[in-house]
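Colleague: predicted coordinates and the sequence they were generated for:
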Amino acid sequence: MNRDILQPRLVKMLLVNSGRFDYAIIDVDKSMHFHGGNNAGKTTLVNALQFLFVDSFRSMVWGGEKTSKDTREYYFKTNSYIVFEVSTPTGTQCLVVIGKGATSSNEFERWIYPGSLIPEQYLLDGSRAKDTASVKSYIDSMNGVKIDDTRMKKWLIGKGESPFGVAPLKRARDFPKYRKVFTNLLRMKKLSPNDVRELIISSSDIFKEEITLAENFQDEFDRYKGKLQSIQKLDNAKENLDGFLESYDDLGVARGHYFVDYHSMRPLFSNLIDTYRNEIKAAKNDLNAFQDSLDVLEQNERTARDITIQRSTVFNNANSELQTIENHIKKTKSLSELELSARSGTVDRRIAELRIALERSTDLDLEGDLDTIVKKLSSLEYELSGNTNFRRELIESMNDYDQDEIRTLMKLFNSEVLDLPQGSFKLNDSEWSKELVYLMSMIDVDSIKSSGLSIHLESVSSPKLIKSVEELNRDISDYTKKKNRLITALEAKENLEAKKRELRSLKEEAIELEEKLKSIKELPEKEKLFDSMTQNLVVIETEMHEAKEKERLIREEIISLVSKRSDLRNTIINKTDAVADIEDRLPKIRVPDDHWNIGEEINNDDHEKIFNEEFDWKSAIAGLERKASALRTKESRLWDAAEIIHNLTEGQFRDSDLKSIYV
């Protein structure tokens, strides 16, 4: 039982944010069967076993058309983990494979710590991956150790402290046999009996006594067999090896040119940053000084504007007054004093005559009387024609009441209202009946009662209810005579009003004649005043133009200063942005290794270009970025070529081996 526990084997496997899995845990120590459709993740799980059983990523085999870069991107995103719990002779251990994310080309690192697998240490809220810092903190608390490919190989074959020992080889140089058998089994690729036999012999003490002869000649046999296999594999990969060496040579030349370009440009960028910072500092100092000068100029401009407005106002007022005097003089010169005097006498006599005539007239309200009589005539003629009026409507609606009560009610209405024709009152039958009932409730004979008061109406004359045709004709005749008399009186009054209007017009003319005669007498003084004001206006106009010119000069100076201030601000913004851009981009550009130098001379004579504004830093830094990117592309292609050679030679060559061959 104890031997089973201590036997090296895989117990559990955990994938977090890796491949197609957000979270997956598998109990490998038990019998299992993977079942699922295409792209369900079966191959992902099987191939991931290589991270535990194979020492180097370049020795792992993935199949298909995926490159090594694609595989790393697939398994190792940011915060990606693959954890293996294994049983070792010294107890349970965990191997943790941590992805570094896209910023580190999706590389990974491996850690080992003693203890069992606890999934919660790699998950947040039971479903999301914890950040790498938290996971590493946990591994550190478990006394974890980071291992590279060399230590991984020793850990697998049982060397060092607390090894896994899943491939207990007697000789480390036999490790490729184990790797070949494991990767071929993983891919379900056919293995020769000799490959299996060699692995069993290399990893077991069972045959030590039985195959002594094989052991004695094993080294010699392996050496010659290896040479033969190497020759065959090299022959198969000859064309690829030639292409690799050619690409590597091209990479070496490109690195040399990049080394020269980088070290030629880097001092220029440093000097440019210092130059820009000095310019920014100087521009800020100048800007502060400009602001003080601008404040003074703006105050001077406000003062000059006030003076200009004052001078313009004085000029406009003086010019307006001068124009008035000039027009007055021109108008006065066109007058005749003799004609004005004669006309003035005639007007005065006519005014006296009109005043005497108007004192004899009487002011009567004839228009109002005429309007009243016209209305009365219209009402009488309307009633004579048999049409209904308000009086008849009252009598007809109140035929159930006593005539005295009706007369008392009619005392409340004006006689003109009683004579209103049909259509002047707008109440419908229902409303009219309600109003009459309400009014009659307050009526008593010769009195009216309301709110506890009683008002006597005996003194008010009782209107006649209905007039006969004869009475109506007589009234019409009387009112017609009155109408004719009023029309005659109005015609006489109209003549009186014309005389009044004539009198008012003559008075106004007399005043105007008096003013014109006065102007003629004052003409010499006005002409002297005009000459004096003309001379004074020239002085005022000169002062106004001088004030405007001073304001214009100050405004031009302000505009110039504002333009300079704008230039300074643009300089500060542009130079600050340039420094920030350079400082942000420059550290991200790949620094060439010292061994890339192929002896070309580095040119540092372009410093003067910075001060002559000839140095286009944007193009220069973009050029370096493009060259660094081109280098990465060449390297990626080179390593892809190495991967192809690695596959063609079935793992005989690594990129390090190929570089060694090239050197």
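Modeller: It's in.

Colleague: got a list of what Ala628 touches?
Modeller: Shown in contact with Ala628 (CB atoms under 8 Å, 6 or more residues apart in numbering): 258, 589-590. Placement of C-beta: from N, CA and C, glycine included.

Colleague: just those residues now: which is nearest Ser270?
Modeller: Ile589 (13.2 Å; CB to CB).

Colleague: picking up where we left off before, of the contacts of Ala628, select the buried ones using a ChimeraX command.
Modeller: To isolate the buried ones among the contacts of Ala628 in ChimeraX, judged by 16 or more other CB atoms under 10 Å, type:
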select :258,589
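
Colleague: any chance of the contacts of Ala628 in CSV, with pLDDT and distance to Ser127 too?
Modeller: As requested, the contacts of Ala628 are exported to CSV (pLDDT from 0 to 100; distance: CB to CB, whole Å):
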residue, pLDDT, distance to Ser127
Tyr258, 86, 46
Ile589, 87, 40
Arg590, 86, 38
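
Colleague: among the contacts of Ala628, name the ones in helices.
Modeller: Within those, residues falling in helices by DSSP state H are Tyr258.

Colleague: so what's the residue count around the residue nearest to Lys526 when sequence neighbours are not counted?
Modeller: Spatial nearest neighbour of Lys526, chain neighbours left out: Ile329 (5.5 Å); criterion: CB to CB, 6 or more residues apart in numbering. Look at Ile329: counted by other CB atoms under 10 Å, it has 16 neighbours.

Colleague: what's the answer for Ala547, then?
Modeller: By other CB under 10 Å, 19 other residues sit near Ala547.

Colleague: what separation do you get for it and Thr534?
Modeller: Look at Ala547 and Thr534: by CB to CB, to the nearest Å, they are 21 Å apart.

Colleague: what do you get for Tyr113?
Modeller: Relative to Thr534, Tyr113 is positioned 110 Å away (CB to CB).

Colleague: ok, those two, which is more surrounded?
Modeller: The neighbour comparison of Tyr113 against Thr534 (other CB under 10 Å) goes to Tyr113, with 16 against 13.

Colleague: any idea which element that one lies in?
Modeller: Taking DSSP states H and E as the definition, Tyr113 sits inside strand 108-114.

Colleague: any idea of the mean pLDDT for whichever helix or strand comes after that strand?
Modeller: Next helix or strand after strand 108-114 toward the C-terminus (DSSP H and E): strand 123-124. If you average the pLDDT over strand 123-124, you get 92.

Colleague: same question for stretch 410-427.
Modeller: 65.

Colleague: let's number from 14 now, not from 1
Modeller: From this message on, residue numbering opens at 14, which makes the last subject stretch 423-440.

Colleague: quick one on the thing from earlier: format the contacts of Ala641 as TSV; extra columns: distance to Thr359.
Modeller: Shown next, in TSV, are these (distance: CB to CB, whole Å):
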residue	distance to Thr359
Tyr271	118
Ile602	111
Arg603	117
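
Colleague: ok, of the contacts of Ala641, which one's closest to Cys107?
Modeller: For these, the closest approach to Cys107 (CB to CB) belongs to Arg603, at 35.8 Å.

Colleague: is the closest residue in space to that closest one that isn't next to it in sequence within a helix or a strand, and which one?
Modeller: Distances taken as CB to CB, 6+ apart put Ala641 closest to Arg603, at 4.3 Å, once the chain neighbours are dropped. Secondary-structure assignment from DSSP H and E places Ala641 in helix 630-661.

Colleague: what segments of the stretch 464-613 of the chain are strands?
Modeller: Using DSSP state E, counting those that start in this stretch, the strands found in the stretch 464-613 of the chain span residues 466-469.

Colleague: ditto for the stretch 14-163 of the chain
Modeller: Using DSSP E, counting those that start in this stretch, strands in the stretch 14-163 of the chain cover 22-31, 34-40, 94-101, 104-112, 121-127, 136-137, 141-142, 158-160.

Colleague: name the strands paired with the first one and say parallel or antiparallel.
Modeller: Translated: strand 22-31. Next to strand 22-31 in the sheet, as set by DSSP bridges, lie strand 34-40 (antiparallel), strand 94-101 (antiparallel).

Colleague: pick the most buried one from these.
Modeller: Comparing the strands paired with strand 22-31 by mean neighbour count (mean count of other CB atoms under 10 Å), strand 94-101 ranks first with a mean of 22.

Colleague: what are the contacting residues of that strand?
Modeller: Contacts to strand 94-101, defined as CB under 8 Å, 6+ apart, come from residues 18-31, 61, 64-65, 88, 105-112, 129-130, 135, 142, 148, 175-179.

Colleague: still on that earlier bit, out of the strands paired with strand 22-31, flag the one nearest Leu536.
Modeller: Of all the strands paired with strand 22-31, it is strand 34-40 that lies closest to Leu536, at 111.1 Å by CB to CB.

Colleague: before I go, just wanted to say thanks for your time.
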